[in-house]
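Novice: Need the 3D shape of this:
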Amino acid sequence: MPKQSPVIRLTWINLMLLLVALSVPCWAQQFTGTIRGTVSDSTGAVVPGAEVSVINIGTNETRTAMSEDNGTYVIPQLRPALYRVSVKKAGFKNATFDDVKLDVQQIREVDVALSVGAASETVNISASGTSAIETTSPTVSTTIENKRVVDLPLNGRNPYSLATLSPGVIPGPGSSPFISGGRNATSEVTIDGISNVNAENNVSILDLNYTPSVDAVQEFSVQTNSVSAEFGRLGGGVINLVTKNGTNQFHWTLFEFHRNSALDATNFFTNRSGGKKGSFKRNQFGGNVGGPIFKDKTFFFVNYEGNRQGSANVGTFTVPLPEWRQGNFSNLKNSAGQPIIIYDPLTTRPDPNTPGRFTRDPFPGNIIPANRISPIAAKIMQYWPLPNVAPTNINTQQNNFFAAGTNISKSNRIDSRVDHNITSKWRAFTRFSIQFKDASQPFNHYGNLATPNNAGPTVNTAKSVAIDNLYTVSPSLFLNVRYGLNRKTNVRTPFSTGFDFTTLGFSPAIKAVADALEFPRFDVNGLSSLGQETFNDLGIFQTTHSFNANVTK
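Specialist: Okay, here's the model as predicted:
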């Protein structure tokens with residue numbers, strides 16, 4: 001009779017203990033923080049069994065722990081906020097620390113010295129007397145707190161730009177700086193403990209899924225060295241951002257930031273060509289509101305930001321003269337002013353004076369007859385605009401066309417969050433952020449579908465979801481379960497999408513091997529190109545799920 005496979009049954013408590021056995025202490029590895037310290041008396045002797053309460057000043061959420069036999073206490077998994085720390089023990093006066101500021105991923109030491117006296121007496125101690133210096137972790141980290149996030153000027157209002165305030169951080173492309181000498185594509189960025197990095201599609205750029213509004217950011221930290229093993233797949237550093245949550249007090253703000261080119265100087269090249277200064281206008285507007293749904297229990301925060309921008313886009317190109325379009329190259333010269341002779345390929349014959357070589361006759365007057373011009377060339381010629389400025393070189397007609405216009409972009413984003421204390425031991429929050437209809441319309445320099453500037457209308461959307469649960473199993477055992485979802489789409493369309501290139505005279509057979517219907521790329525020596533280079537219809541759809549379970553003992 002075959003042996004049966006052993007069956008292992010674990011109760012919920014057994015499973016918890018197993019997870020604890022497999023885990024290691026994880027102080028400051030999350031986006032939350034920790035308050036810890038030692039309770040002693042006036043002589044310096046430790047005081048065990050003292051009740052330590054940590055109260056969130058904004059929400060009145062209270063966490064309690066008892067000092068151990070060695071007088072120490074630890075209260076982890078606290079959200080960044082202002083706290084009140086209260087300690088009481090029979091035979092001693094109560095001690096209270098107000099305005100204890102806890103930053104993201106910080107371990108805050110609050111040591112308490114109790115004085116002998118009645119429990120009805122309370123000693124208020126300034127939090128400035130407590131140590132805010134990191135003494136328990138080797139991680140080198142800089143916190144960019146809310147005041148700097150909101151008050152410092154930010155061109156474009158991208159909160160990640162403030163990461164460069166940290167030592168060892170320098171700007172990089174987009175929103176991804178270089179940290180501690182590492183490639184910017186090897187850093188980790190999180191929002192509320194959820195990775196904000198999409199699957200890499202460019203080896204030199206960190207593709208961030210979502211960028212929250214400045215007004216939705218509580219604070220963030222930048223870890224530059226000795227990063228915890230929790231954060232994998234990185235060779236640079238970690239940016240850990242925390243969003244705002246509601247409190248027991250209603251708060252709301254409205255904002256409007258405006259820039260206008262009326263206050264800007266004219267571009268040098270625009271001045272040289274005699275063109276008109278390009279327009280630049282940016283309006284960033286919105287507001288937020290937060291407060292209680294049920295006091296001391298449920299809180300909300302909602303932020304909206306819109307952006308409407310028009311930025312100048314200028315370009316200088318070299319286009320064929322009107323007579324060149326008809327085959328008349330009688331004035332074709334090189335940069336030194338010497339004539340460039342065009343020879344008739346149909347007159348090719350052996351050179352009687354030099355055996356093994358061939359010779360040709362020039363076109364009379366350097367004019368190509370109309371019946372010798374390719375029908376395809378005659379059709380594409382209409383897509384080059386006519387010269388509109390004096391060339392920088394009269395011989396080659398270089399830079400004889402100037403175009404100035406405006407790139408248009410529009411974006412809208414909403415950050416929303418609900419925090420709820422389900423029971424005295426179970427608290428949770430959910431955040432939903434969305435950037436929708438982020439559309440850009442670049443200026444078309446040629447004014448037709450054959451423009452060579454490598455761009456086209458683009459529409460982006462991004463969604464970011466975080467669901468976090470913290471359950472207090474016992475005063476010294478905590479379970480944190482977190483789920484995150486990132487979803488980003490990028491759809492861009494070239495100016496010539498849908499163009500049937502057989503209308504130019506190409507064989508229909510080419511359609512069988514062409515990967516898109518667009519205007520072909522033409523590169524002509526001495527002239528600016530026609531058609532967009534390697535720019536096909538593109539759709540990128542990225543979805544990332546993440547799940548984190550942490551046990552802290």
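Novice: And for residue 386, the neighbour number?
Specialist: The number of residues packed around residue 386, counting by other CB atoms under 10 Å, is 11. All C-beta atoms are positioned from the backbone trio N, CA, C, and that covers glycine.
Novice: Can you tell me how far it is from residue 527?
Specialist: Summarising the geometry, the distance separating residue 386 from residue 527, computed by CB to CB, to the nearest Å, is 13 Å.
Novice: for residue 352, same thing?
Specialist: In this view, residue 352 and residue 527 are 36 Å apart by CB to CB.
Novice: Compare these two and say which one has the larger neighbour count.
Specialist: A side-by-side neighbour count of residue 352 and residue 527, using other CB under 10 Å, places residue 527 first with 16 against 8.
Novice: just to revisit the earlier point, check the contact lists of residue 386 and residue 527 and give me the overlap.
Specialist: Applying CB atoms under 8 Å, 6 or more residues apart in numbering, one finds that residue 386 and residue 527 are jointly contacted by residue 319.
Novice: where along the stretch 301-450 of the chain do the strands fall?
Specialist: Listed in chain order, the strands found in the stretch 301-450 of the chain under DSSP state E, counting those that start in this stretch are 343-350, 358-362, 401-421, 426-441.
Novice: and the next element down the chain from the lowest-mean-pLDDT helix or strand in the chain?
Specialist: When each helix and strand of the chain is scored by mean pLDDT, DSSP states H and E, helix 12-22 comes last, with a mean of 42. If you walk from helix 12-22 toward the C-terminus, the next helix or strand you reach (DSSP states H and E) is strand 33-41.
Novice: so how far is that next one off the chain centroid?
Specialist: Using CA atoms, centre = their mean, to the nearest Å, the distance from the centre of strand 33-41 to the centre of the chain it belongs to is 37 Å.
Novice: before we move on, what about stretch 181-199?
Specialist: Its chain's C-alpha centre and that of stretch 181-199 lie 9 Å apart, by CA atoms, centre = their mean.
Novice: Which positions in that stretch come out as buried?
Specialist: Of the residues in stretch 181-199, those with enough neighbours to count as buried (16 or more other CB atoms under 10 Å) are 183-198.
Novice: For it, C-alpha coordinates in CSV please.
Specialist: In CSV, the C-alpha atoms belonging to stretch 181-199 read as follows (Å, rounded to 0.1, in the frame of the first residue of the first chain):
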residue,chain,number,x,y,z
GLY,A,181,27.1,57.5,-8.4
GLY,A,182,24.7,54.8,-9.5
ARG,A,183,22.9,54.8,-12.8
ASN,A,184,19.6,56.6,-12.5
ALA,A,185,17.8,53.5,-14.0
THR,A,186,19.0,51.4,-11.0
SER,A,187,17.2,53.4,-8.2
GLU,A,188,14.0,52.5,-6.4
VAL,A,189,11.1,54.9,-6.0
THR,A,190,8.1,54.1,-3.8
ILE,A,191,4.8,55.8,-3.0
ASP,A,192,3.3,54.8,0.4
GLY,A,193,5.5,51.7,0.4
ILE,A,194,4.4,50.6,-3.2
SER,A,195,7.1,50.5,-5.9
ASN,A,196,6.5,53.3,-8.4
VAL,A,197,8.8,51.9,-11.1
ASN,A,198,7.5,50.3,-14.3
ALA,A,199,9.2,47.6,-16.3
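Novice: quick one: average pLDDT of that stretch?
Specialist: In this model, stretch 181-199 carries a mean pLDDT of 83.
Novice: can you check stretch 378-393 too?
Specialist: For stretch 378-393, the mean per-residue pLDDT is 93.
Novice: residue contacts, the nearest residue to residue 422 once chain neighbours are set aside?
Specialist: Excluding the flanking residues, the one nearest residue 422 by CB to CB, 6 or more residues apart in numbering is residue 428, at 6.1 Å. Neighbouring residues of residue 428 by CB under 8 Å, 6+ apart: 419, 420, 422, 467, 468, 469, 470.
Novice: count of neighbours near the fourth one?
Specialist: Taking other CB under 10 Å as the neighbour definition, residue 467 ends up with a count of 16.
Novice: What's opposite it in the beta bridge?
Specialist: residue 430, residue 483 (DSSP bridges).
Novice: What of the second one?
Specialist: For residue 420, the beta-bridge partners are residue 298, residue 428 (DSSP bridges).
Novice: That one: what's it in contact with?
Specialist: For residue 420, the contact set (CB under 8 Å, 6+ apart) comprises 297, 298, 299, 427, 428, 429.
Novice: Ok, the fourth one next?
Specialist: For residue 467, the contacting residues are 428, 429, 430, 482, 483, 484, taking CB under 8 Å, 6+ apart as the criterion.
Novice: now these in CSV, with distance to residue 521 and pLDDT?
Specialist: Supplementary listing: the contacts of residue 467 in CSV, determined by distance: CB to CB, whole Å; pLDDT from 0 to 100:
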residue, distance to residue 521, pLDDT
428, 55, 95
429, 51, 95
430, 49, 96
482, 48, 93
483, 46, 95
484, 42, 94
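Novice: Widest-spaced pair of these?
Specialist: Maximum pairwise distance among the contacts of residue 467 (CB to CB): 13.9 Å, between 428 and 484.
Novice: how far away is the spatially closest residue to residue 236 that is not a sequence neighbour from residue 158?
Specialist: Once its chain neighbours are removed from consideration, residue 236 has its nearest residue in residue 182; the separation is 2.9 Å (CB to CB, 6+ apart). Computed with CB to CB, the distance linking residue 182 and residue 158 is 20 Å.
Novice: Can you tell me which of the buried residues of stretch 181-199 is nearest residue 313?
Specialist: Compare each of those with residue 313 using CB to CB and the shortest gap goes to residue 184, at 26.4 Å.
Novice: Distance of that closest one relative to residue 552?
Specialist: With distances defined as CB to CB, the gap from residue 184 to residue 552 amounts to 32 Å.
Novice: all strands for the stretch 451-553 of the chain, in order.
Specialist: Per DSSP E, counting those that start in this stretch, the stretch 451-553 of the chain has strands spanning 458-474, 477-492, 538-552. These are given in chain order.
Novice: Distance to residue 392 for these - can I get that in a markdown table?
Specialist: As requested, the strands of the stretch 451-553 of the chain are arranged in a markdown table below (distance: least, CB to CB, whole Å):
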| stretch | distance to residue 392 |
| --- | --- |
| strand 458-474 | 32 |
| strand 477-492 | 33 |
| strand 538-552 | 35 |
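Novice: Quick one: closest of these to residue 310.
Specialist: Checking the strands of the stretch 451-553 of the chain against residue 310 by CB to CB gives strand 458-474 as the closest, at 15.7 Å.
Novice: rewinding a little: so which of the strands of the stretch 451-553 of the chain is nearest residue 263?
Specialist: Residue 263 sits nearest to strand 458-474 of all the strands of the stretch 451-553 of the chain, at 28.5 Å, using CB to CB.
Novice: tell me the angle of the closest one relative to strand 401-421?
Specialist: 20 degrees (axes from the mean of the first three to the mean of the last three CA atoms, to 10 degrees).
Novice: Send me strand 458-474 as PDB with only the CA atoms.
Specialist: These are the backbone C-alpha positions of strand 458-474, laid out as PDB (Å, rounded to 0.1, in the frame of the first residue of the first chain):
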ATOM      1  CA  THR A 458       0.800  61.700 -27.500                       C
ATOM      2  CA  VAL A 459      -1.800  60.700 -24.800                       C
ATOM      3  CA  ASN A 460      -0.700  59.300 -21.400                       C
ATOM      4  CA  THR A 461      -2.700  57.900 -18.600                       C
ATOM      5  CA  ALA A 462      -1.400  56.600 -15.200                       C
ATOM      6  CA  LYS A 463      -3.100  54.900 -12.200                       C
ATOM      7  CA  SER A 464      -1.600  54.100  -8.800                       C
ATOM      8  CA  VAL A 465      -3.400  52.200  -6.100                       C
ATOM      9  CA  ALA A 466      -2.200  51.300  -2.600                       C
ATOM     10  CA  ILE A 467      -4.100  49.300   0.100                       C
ATOM     11  CA  ASP A 468      -2.400  49.000   3.400                       C
ATOM     12  CA  ASN A 469      -3.500  47.100   6.500                       C
ATOM     13  CA  LEU A 470      -1.700  47.000   9.900                       C
ATOM     14  CA  TYR A 471      -2.900  44.600  12.600                       C
ATOM     15  CA  THR A 472      -1.600  44.600  16.200                       C
ATOM     16  CA  VAL A 473      -1.500  41.000  17.200                       C
ATOM     17  CA  SER A 474       0.000  41.900  20.600                       C
END
